[in-house]
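**Student:** the following comprises the amino acid sequence and a computationally predicted model.
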Amino acid sequence: KPAHDLNVIGLAGLNSLDDVGSACVSEVQIAALGSSMNAVSGILLALLARERTGEGQAVDINLYNTSLSLQTTGISSLWGCKATGCQPFGRTAHYYNIYRTQDGRYLSVGTIEPKFWRRLCEILDCEELIERQHDFEHGNELQERLAAVFQTKTQAEWLALIGEEEFCVTPVCSLEEALNSELTQQSEMLAQKQEDIGTLQYVKPAIRLSDMPGSIERRAPLLGEHTAEVLTELGYTEPEIMKLKETGAI
């Protein structure tokens, strides 16, 4: 049956990740991009095996299996809680969530470690909550309490209070903000290159090898731009290629 990324992750339970059962649409094509990475890993494994055994093999990658495999933490939690009778923890808690600030911006709060939770309570002037980090019985109440406090200041004001501390509270950035950030500049992930159609911007490969750094060799092709070149490499003659063009095959 036909399906796109959204269909596949829905079948695999991947777009109902929040703790209240709401469905969501990801800006990232999780199944498609994840399967691409699995395909690379599978091909490399098969090549390594061939070098050792002299035998080739089929590599089977599909979107649904990838979507399931990406949920190992959630699946383990579901199975474990079924065995123990506990409530599945889920991805969020009062100390691990996203909170809205006074100006309608957001902060990511990932204060899992007790030292970070303690510091968060100090910054929020909620020291009485320090010993209640794992009070899951009143988790909704604690989350509402923190949400109300975060609403009293803007994102910039909270970040100013945090300053340069090594602390797991960070701004939720728009894509444009992320691309223009100091972190992205330091990552050297973006590049500009002069092409025959003008100056183009690129996102460089995230994997970097010390002896073979990734680079952008050519721009994305226009529709059919390299058809003749590819057919020539495959052994087609120029008259044969012209005939294919005349018949509308290419």
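**Tutor:** Perfect, thanks for sending it.
**Student:** any idea how far residue 216 is from residue 192?
**Tutor:** For residue 216, the distance to residue 192 (Cβ to Cβ, to the nearest Å) stands at 10 Å. All C-beta atoms are positioned from the backbone trio N, CA, C, and that covers glycine.
**Student:** can you check residue 108 too?
**Tutor:** From residue 108 over to residue 192 (counting by Cβ to Cβ), the distance is 30 Å.
**Student:** neighbour count winner among these two?
**Tutor:** residue 108 (14 against 10; other Cβ atoms under 10 Å).
**Student:** can you pull the contacts of that one?
**Tutor:** Going by Cβ atoms under 8 Å, 6 or more residues apart in numbering, residue 108 touches 98, 169-172.
**Student:** of those, select the buried ones using a PyMOL command.
**Tutor:** Typed into PyMOL, the line below selects the buried ones among the contacts of residue 108, using 16 or more other Cβ atoms under 10 Å:
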select buried, resi 169+171
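**Student:** JSON lines for the contacts of residue 108, including secondary structure?
**Tutor:** Listed next are these as JSON lines, based on DSSP: H, G, I helix; E, B strand; the rest coil:
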{"residue": "98", "secondary structure": "strand"}
{"residue": "169", "secondary structure": "strand"}
{"residue": "170", "secondary structure": "strand"}
{"residue": "171", "secondary structure": "strand"}
{"residue": "172", "secondary structure": "coil"}
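**Student:** buried ones in the one helix or strand in the chain whose mean pLDDT sits lowest, by neighbour count?
**Tutor:** Of all the helices and strands that make up the chain, helix 72-84 has the lowest average by mean pLDDT, DSSP states H and E, namely a mean of 85. By 16+ other Cβ under 10 Å, the buried positions in helix 72-84 come out as 74, 77.
**Student:** for it, packing partners?
**Tutor:** The helices and strands touching helix 72-84, judged by 3 or more Cβ pairs under 8 Å, 6 or more residues apart in numbering; DSSP states H and E, number zero.
**Student:** need the per-residue pLDDT for residue 182.
**Tutor:** Per-residue pLDDT puts residue 182 at 93.
**Student:** what about it, how many neighbours?
**Tutor:** Neighbours of residue 182 using other Cβ under 10 Å come to 7.
**Student:** quick one: residues contacting residue 165.
**Tutor:** Contacts for residue 165 were tallied using Cβ under 8 Å, 6+ apart; they are residue 119.
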